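**Student:** take this sequence and fold it.
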Amino acid sequence: ERQWIQEKLNKNDNHGSFSNQEKKHILKKLNDAVSFETFLHTKYVGQKRFSLEGNESLIPAVDALIEKAASYGVKEFVMGMAHRGRLSTLTNIFGKSASDIFSEFDGKDYEEEVFDGDVKYHLGAIGEFVAQSGSKMHVELVSNPSHLETVNPVVLGTVRAMQDQIDPPLAYSVLPLAIHGDAAFAGQGVVAECLAMSDTSGYRVGGTIHLIIDNQIGFTTSPEYARSSQYCSDVAKTVQAPIFHVNGDDPEACVRVAQLAFEYRQKFHKDVVIDMICYRRYGHNEGDDPSYTQPLMYKAIAER
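**Tutor:** So this is what the prediction gives:
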């Protein structure tokens, strides 16, 4: 495994090689993410949306991951994530109509006595991903009515059930992706529990790809006050999972790492972690002012 990774990284001095067409596609997905968030911030000022701004490379990275999976003949894709960036993911990856999301902001779709205002971020989605080659794949975002990492074992159970139904043993043609926050990945025990199950015969699904939106802040807490290890991803060392640290301000690097992580999963059928180091432009949920608790960080972010 180490030799395989070395050969992948040492080639081209660890720089991806993309054609002009591929670069334009990355730019399009990045623009989709930016324009969606900009519109929401203009139209629905102060409403909770757990924006992806500062982390927009997530969209081209996930798009590239599914694109790669489709080219390898993966049959289905199942994903779980917390609130951060969920609305953009629903629209730009799973094909949920943006007008439906705007209606939810306007309060047209749900009665308040039945649902609270957070319902937008709890809903899952089922869609069809059409690759650039024209091949299609069933994609599913698991509903997540509770917060944060509780959804991870639900994703794994869903994937395992699908694999048991459609595959001969050990084919692993359903791909699980878990998207985490940095503080949650380091701090919530269910993450370590899922990692501990990852290679046991009763629970394994042929490797989960973990992507951490590492905006270096958990609600209002800086990393040095939240954990004792250097990286939020260090818990994955317990299962010797490869951990790729990547700059979220470099979309091409994020796409390359997403493709690399998928190739590793396909070859070795083990968990792999992408630590996408980025930042959070606004407060935890746009209703709070983060400069109260993080004045220096948010002065730097405002200047970007």
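**Student:** which is the next helix or strand following the one helix or strand Glu263 maps to?
**Tutor:** Glu263 belongs to helix 251-268 when elements are defined using DSSP states H and E. Per DSSP H and E, the first helix or strand lying C-terminal to helix 251-268 is strand 272-277.
**Student:** paired strands for that following strand, with orientation please.
**Tutor:** strand 209-214 (parallel), strand 243-247 (parallel) (DSSP bridges).
**Student:** chain center to the worst-scoring helix or strand of the chain on mean pLDDT: distance?
**Tutor:** Lowest by mean pLDDT, DSSP states H and E among the helices and strands of the chain is helix 98-105, with a mean of 74. Its chain's C-alpha centre and that of helix 98-105 lie 22 Å apart, by CA atoms, centre = their mean, to the nearest Å.
**Student:** just the buried residues of that helix, please?
**Tutor:** 98, 101, 104-105 (16 or more other CB atoms under 10 Å). Bear in mind the C-beta positions are built from the backbone N, C-alpha and C, glycine included.
**Student:** wait, which of the residues you listed is closest to Cys254?
**Tutor:** Closest approach to Cys254 among the buried residues of helix 98-105 (CB to CB): Ala98, at 23.1 Å.
**Student:** how about the strands in the stretch 51-200 of the chain?
**Tutor:** Applying DSSP state E, counting those that start in this stretch to the stretch 51-200 of the chain gives strands spanning 76-81, 125-130, 136-141, 174-181.
**Student:** now the angle between strand 209-214 and the longest one, please.
**Tutor:** So the one you mean is strand 174-181. 20 degrees (axes from the mean of the first three to the mean of the last three CA atoms, to 10 degrees).
**Student:** any idea how far strand 174-181 is from the chain center?
**Tutor:** 6 Å.
**Student:** with the first one instead?
**Tutor:** Going by CA atoms, centre = their mean, the spacing between the C-alpha centre of strand 76-81 and its chain's C-alpha centre is 9 Å.
**Student:** gap between Glu128 and Gln6?
**Tutor:** 37 Å (CB to CB, to the nearest Å).
**Student:** no no, Arg304
**Tutor:** 34 Å.
**Student:** most tightly packed of the strands paired with strand 272-277?
**Tutor:** strand 209-214 (a mean of 25; mean count of other CB atoms under 10 Å).
**Student:** and that one, what's its mean pLDDT?
**Tutor:** For strand 209-214, mean pLDDT rounds to 96.
**Student:** same check on stretch 73-81?
**Tutor:** Mean predicted confidence for stretch 73-81 is 91.
**Student:** in that stretch, what counts as buried?
**Tutor:** Judged by neighbour count using 16+ other CB under 10 Å, the buried positions of stretch 73-81 are 74-81.
**Student:** mind exporting it as CSV, just the C-alpha atoms?
**Tutor:** Extracted in CSV, the C-alpha atoms of stretch 73-81 (Å, rounded to 0.1, in the frame of the first residue of the first chain):
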residue,chain,number,x,y,z
GLY,A,73,-18.5,0.6,-13.0
VAL,A,74,-19.5,1.3,-9.4
LYS,A,75,-23.3,0.7,-9.3
GLU,A,76,-24.5,3.0,-6.5
PHE,A,77,-23.2,5.8,-4.3
VAL,A,78,-24.4,6.5,-0.8
MET,A,79,-23.3,9.6,1.2
GLY,A,80,-23.8,11.0,4.6
MET,A,81,-22.9,14.4,5.9
